[in-house]
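S.K.: Provide a 3D model corresponding to the input given below.
(one chain, ligands or ions: 1)
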Amino acid sequence: MSGFEDQLQEQLARFRDAGLYRELRPLDGAQSTHVAMAGKPVLNFSSNDYLGLANHPALKEAVARALHDFGTGSGASRLICGSLRIHHELEQNIASFKGVPAALCFSSGYAAALGAIGALLGKNDIIVIDKLVHASIVDAARLSAAKIRVFAHNDVDDLKKILQWADSRSTGQTGGRPRVLIVTESVFSMDGDLAPLREIIEVKERHGAWLMVDEAHATGLFGERARGLAEAFGIADRIEVQMGTLGKALGSAGGYICGSRALIELLVNRARSFIFSTAPTPASSAAATEALRIVQSAEGQERRALLWQRVDETKNALIRAGWRIPVVQSPILPLVVGQEASAVSLASELLALGILIPAIRYPTVARGAARLRLTISASHAAEEIAQLMGALAQCRTKGLSA
Ligand code: PMP
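M.R.: Numbering: from 1, shown residues only. Next comes the predicted model:
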């Protein structure tokens, strides 16, 4: 086997030595605040199921109906024979929810980023990304072959400098101006802080660049109609490309891009992760459509109110206990520990105390910035937050903390 196994084992040993080894641990039961791991009940503080919809009876009923009407598999890619009515309904629902002309669904948020960025940019173009954007955007940027420039996290002055440099570029042979696409998240997935979207919009308009905003962790949560942070900041109609996922607050799986009709038509014609991939399952589309209905209903309002109440309670308790967390409103509360091994020890100690918050390490975050990414859901009860705080206090007494 020409040393195949030996080489891989050596590589795995290096991950272990650096505290970066990862393994899958099966959970029993549906996604919820209560799960079981290796037969032991644990309280889950690590899910992106922010509104507690992933195991909601109405979503499950919608899935059961979809299974009955559309079966389990979509059969082919959307452009062959997989474009089912249920996909079109979901896309119409996303577009009207977000207040834009059109939307397109992908089998994951990762595929949405890959498809959209690859469709919009080529080797003569420029992509400008925040230092902390999600891996799907980084990979999409690399695959697009566009020139990649990275601005310091949420640093609009740094972004301005890059855009000034981009203004001076031409596309070589054709002499035309390159396309310049700025990409940021609205709520950052591992830090829970917010992008300065208003300032970014001002700058991008001054330089004639385009903006793509990934609302993965904001869809269903922010803004009067829960469309996302762009709605809350009143600038959604000035963003060329809006992206989001269906697997977080919407309790299903998949991703979407929305915006103008021309954008969606272009993606149908050019987004490779859309064209060359089997259409999302009828079940996931049905669940997402039902989630959108709930998000826009009185129940959605109640769930959001409860979520923000629990977030406030948790933040106040963490601040009282001496943890440093972002000041902005977000269900993502990073407990930054620093060293990878320390984060792993804190996570295992918490698990022994019945609390599930896996350690997040390089390459998901920078080396030396390992953390426990604590997330709050509308489904957490006040007593469960108290249990979490009790467990964190016990870890502190053992010297395990930030
Ligand atoms: N963008 C962000 C900010 C994310 O956090 C994630 C998922 N972790 C994705 C994109 C990818 O979405 P999906 O999980 O649906 O592939």
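S.K.: going by C-alpha atoms from here, please, whenever you check contacts or count neighbours.
M.R.: Noted.
S.K.: number of nearby residues for the closest residue to residue 136 other than its chain neighbours?
M.R.: Once flanking residues are discounted, residue 136 sits nearest to residue 110: 4.9 Å by CA to CA, 6 or more residues apart in numbering. When counting by other CA atoms under 10 Å, one arrives at 21 neighbours for residue 110.
S.K.: with residue 96 instead?
M.R.: With other CA under 10 Å as criterion, residue 96 counts 13.
S.K.: now residue 329
M.R.: A count of nearby residues for residue 329, using other CA under 10 Å, gives 16.
S.K.: okay, it: pLDDT?
M.R.: pLDDT, residue 329: 88.
S.K.: same question for residue 325.
M.R.: So, for residue 325, pLDDT stands at 88.
S.K.: ok, it touching residue 334?
M.R.: Yes: contact criterion CA atoms under 8 Å: residue 325 and residue 334 qualify, at 6.4 Å.
S.K.: show me what contacts residue 280?
M.R.: 74, 87, 105-107, 254 (CA atoms under 8 Å, 6 or more residues apart in numbering).
S.K.: for the ligand, tell me which of those residues show up nearby.
M.R.: residue 254 (CA under 6 Å from any ligand atom).
S.K.: looking at the contacts of residue 280, spot the one nearest residue 195.
M.R.: residue 254 (23.2 Å; CA to CA).
S.K.: quick revisit: residue 325 and residue 334: who's more crowded?
M.R.: When residue 325 and residue 334 are compared for neighbours, residue 334 comes out ahead with 22 against 18, by other CA under 10 Å.
S.K.: so the more buried one sits in a strand?
M.R.: Yes: under DSSP: H, G, I helix; E, B strand; the rest coil, residue 334 sits within a strand.
S.K.: could you find the closest non-adjacent residue to it?
M.R.: Leaving out its chain neighbours, the residue that sits closest to residue 334 by CA to CA, 6+ apart is residue 373, at 4.5 Å.
S.K.: with residue 132 instead?
M.R.: Nearest one to residue 132, counting by CA to CA, 6+ apart, is residue 153 at 6.1 Å.
S.K.: so that neighbour, which state does it fall into?
M.R.: Secondary structure, three-state DSSP: residue 153 is coil.
S.K.: any low-confidence regions in the protein?
M.R.: The chain contains residues with pLDDT under 70 at 1, 171-175, 402.
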